[in-house]
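Enquirer: here is a sequence with its predicted model. Questions after.
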Amino acid sequence: MNLEFNPKSCWEIYGKAEDRRAMDAMAKRYVAFLSTCKTERETVQYIVEQAEKAGFSPDFRTKACFRNFHGKTIFLARKGKRPLREGFRLIAAHADTPRLDLKQHPLYQDCELGMAKTHYYGGIRKHHWLARPLALHGVIVTVEGAVIPVRIGEDADDPAFTILDLLPHLAQQQMGQKLSDAFEAEKLNIVLGHSPAEAEENEKEGEDKTDKKIKRNILQILNERFGVVEEDLYSAELQMVPAGPARFVGLDRALIGGYGQDDRSCVFTALEAMLETKEPEYPVIALFWDKEEIGSDGATGAKSLFLEYCVEDLAEAWAPDDKPSEIFMNSKALSADVSAAIDPDYQDLHEKLNAAKLGYGPCFNKFTGSRGKYGANDANPEYIGWLRKLFNAAGTPWQMTELGKVDKGGGGTVAKHLATYGMDVIDFGPAVLSMHSPFEITSKADIYATALAFKAFLEN
Ligand code: MN
Ligand code: MN
């Protein structure tokens, strides 16, 4: 009898050639997904396309259905062999990621440059965003209600955008400042252009020949390309994200580097698992939220009533006699979100016995929060025991972790909002390095293991 628990690396568990081939194929799909989906809207659109291809319908009376809410959050459900009142299996991840949003009055001209103001979204480290190519994604809505998609900076022949940074020669004073003071949010301004409108265009405007020609040229280009005027930017959501595709990292191509892996790694793996779970024992639900990075507020965030409404409608369509409260309280959920892997250069911020290791499979975080578990869900041990049995039987690796040393920081997820309904829930997802940076790193073995674990959970 082996009394000690010795975690096993995914690389050992998936050491066979056929496993490695399946892992590589999934990693390729994942890299393509990360390169395509850089905002919650793009991610939801991708999910709709995949779900429709797999036979999901917006009609809740069908066996496999989905609801796309404002193009920013999406609910997918599939009937199980058992009735709804016995509870569902739910995986909930978030599709929004930290970024720089353009302000509502974005455009101005200064020092011979056309510029745009930003307001950051979520927890960024401001210096990560300087002096690197950025792409512009989002939508502009006209008064006629047309929703015009914008995506500039991803194709090789697209222009990119950037935020300027100080040259070392003039950074002496800044070098002595505290990191939190050195980089100001109001200096995260985007370079959009440099050339003035052509002479004819300027003459048409008559006066004001000197100080707005570059800004006017930018408006001219936006008008030609999207048919919009400056006022349309008030009803726009435009986001600056790191430009370019995700890619493999390392000589062995074993790591995946790319923007938005918190939490699109869980979106991707949960979606793959959901679409492959064709005949589940219990009804299964996948839910992809917006707004997690800014506290889950708003109509498309996890604090909204969206899930409740969807389950009520599902009950009405599938089992009108089943009480939603009974359904919720019998349900089991994974709050699918990433954990922080131990970083070789900052090991002292992790408590090693409980830190997540890259390549050791998806991480359970029994609780999140900070300063004495404040704001945590703190999952029930009965549920963890049940999950251990499930994953051990399925042969999928997992690790039991905690995000950083006590009192060194912390974070929150959607787990506590799902727990409100009385369902069993725990945080579970792959470990990430450089989390919330423009180039987050995951192990392709962890991505593979996470998808298999999600599938085992949904099928159970
Ligand atoms: Mn997250
Ligand atoms: Mn996050």
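Expert: Good, I have the coordinates. Ligands and ions are numbered 1, 2, ... in the order given.
Enquirer: okay, CA-based contacts and neighbour counts for the rest of this
Expert: Fine.
Enquirer: what does the stretch 151-300 of the chain have sitting close to ligand 1?
Expert: Residues of the stretch 151-300 of the chain lying close to ligand 1 (CA under 5 Å from the ion) are Asp262, Asp263.
Enquirer: quick one: contacts for the residue in the stretch 51-200 of the chain positioned nearest to ligand 1?
Expert: Ligand 1 sits closest to His94 of the stretch 51-200 of the chain, with a gap of 6.6 Å, by CA to the ion. Neighbour list for His94: Asp263, Arg264, Cys266, Val267, Phe288, Trp289, Asp290, Lys291, Glu292, Asp337 [criterion: CA atoms under 8 Å, 6 or more residues apart in numbering].
Enquirer: mind pulling up the pLDDT for the spatially closest residue to it that is not a sequence neighbour?
Expert: Spatial nearest neighbour of His94, excluding adjacent residues (CA to CA, 6 or more residues apart in numbering): Trp289 at 4.4 Å. At Trp289, the pLDDT value in this model is 98.
Enquirer: can you list the domains in this structure?
Expert: As recorded under automatic domain parsing, the domains making up the chain are 10-97+259-459, 99-242.
Enquirer: next, format those as a markdown table and append distance to Asp252.
Expert: Listed next are the domains of the chain as a markdown table, based on distance: least, CA to CA, whole Å:
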| stretch | distance to Asp252 |
| --- | --- |
| domain 10-97+259-459 | 11 |
| domain 99-242 | 24 |
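Enquirer: pick the most deeply packed of the ones you listed.
Expert: Highest mean neighbour count among the domains of the chain (mean count of other CA atoms under 10 Å): domain 10-97+259-459, with a mean of 20.
Enquirer: for that domain, how far is the first residue from the last?
Expert: 21 Å (CA to CA, to the nearest Å).
Enquirer: picking up where we left off before, could you identify the most distant pair in the contacts of His94?
Expert: Cys266 and Lys291 (15.4 Å; CA to CA).
Enquirer: for the helix or strand harbouring Ile447, name the packing helices and strands.
Expert: Element membership for Ile447 (DSSP states H and E) is helix 444-459. Helix 444-459 makes packing contacts with helix 10-13, helix 17-36, strand 89-94, helix 261-276, helix 381-394 when contacts are defined by 3 or more CA pairs under 8 Å, 6 or more residues apart in numbering; DSSP states H and E.
Enquirer: any idea how far it is from the chain center?
Expert: Put simply, helix 444-459 sits 17 Å off its chain's centre (CA atoms, centre = their mean, to the nearest Å).
Enquirer: how about stretch 73-92?
Expert: That offset, for stretch 73-92, works out to 22 Å (CA atoms, centre = their mean).
Enquirer: keeping just the C-alphas, turn that stretch into PDB.
Expert: Extracted C-alpha coordinates of stretch 73-92, given in PDB (Å, rounded to 0.1, in the frame of the first residue of the first chain):
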ATOM      1  CA  THR A  73     -21.800  35.500 -22.800                       C
ATOM      2  CA  ILE A  74     -23.200  32.100 -23.900                       C
ATOM      3  CA  PHE A  75     -25.000  29.100 -22.300                       C
ATOM      4  CA  LEU A  76     -24.900  25.700 -23.900                       C
ATOM      5  CA  ALA A  77     -26.900  22.700 -22.600                       C
ATOM      6  CA  ARG A  78     -27.400  19.100 -23.500                       C
ATOM      7  CA  LYS A  79     -30.000  16.600 -22.100                       C
ATOM      8  CA  GLY A  80     -28.800  13.700 -20.100                       C
ATOM      9  CA  LYS A  81     -30.200  10.300 -19.400                       C
ATOM     10  CA  ARG A  82     -31.300  11.400 -16.000                       C
ATOM     11  CA  PRO A  83     -34.000  14.000 -15.300                       C
ATOM     12  CA  LEU A  84     -33.100  17.600 -14.700                       C
ATOM     13  CA  ARG A  85     -34.200  17.500 -11.100                       C
ATOM     14  CA  GLU A  86     -31.300  15.200 -10.300                       C
ATOM     15  CA  GLY A  87     -29.000  18.100 -11.100                       C
ATOM     16  CA  PHE A  88     -26.700  19.000 -14.000                       C
ATOM     17  CA  ARG A  89     -23.000  19.000 -14.500                       C
ATOM     18  CA  LEU A  90     -21.800  22.600 -15.200                       C
ATOM     19  CA  ILE A  91     -18.400  23.900 -16.400                       C
ATOM     20  CA  ALA A  92     -18.200  27.700 -16.200                       C
END
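Enquirer: is it in proximity to ligand 1?
Expert: No: Stretch 73-92 is not in contact with ligand 1 by CA under 5 Å from the ion; minimum separation 10.8 Å.
Enquirer: immediately after the top strand by length along the chain, which helix or strand?
Expert: For the chain, the longest strand by residue count, based on DSSP state E, is strand 99-110. Next in sequence after strand 99-110, counting helices and strands by DSSP H and E, comes strand 113-121.
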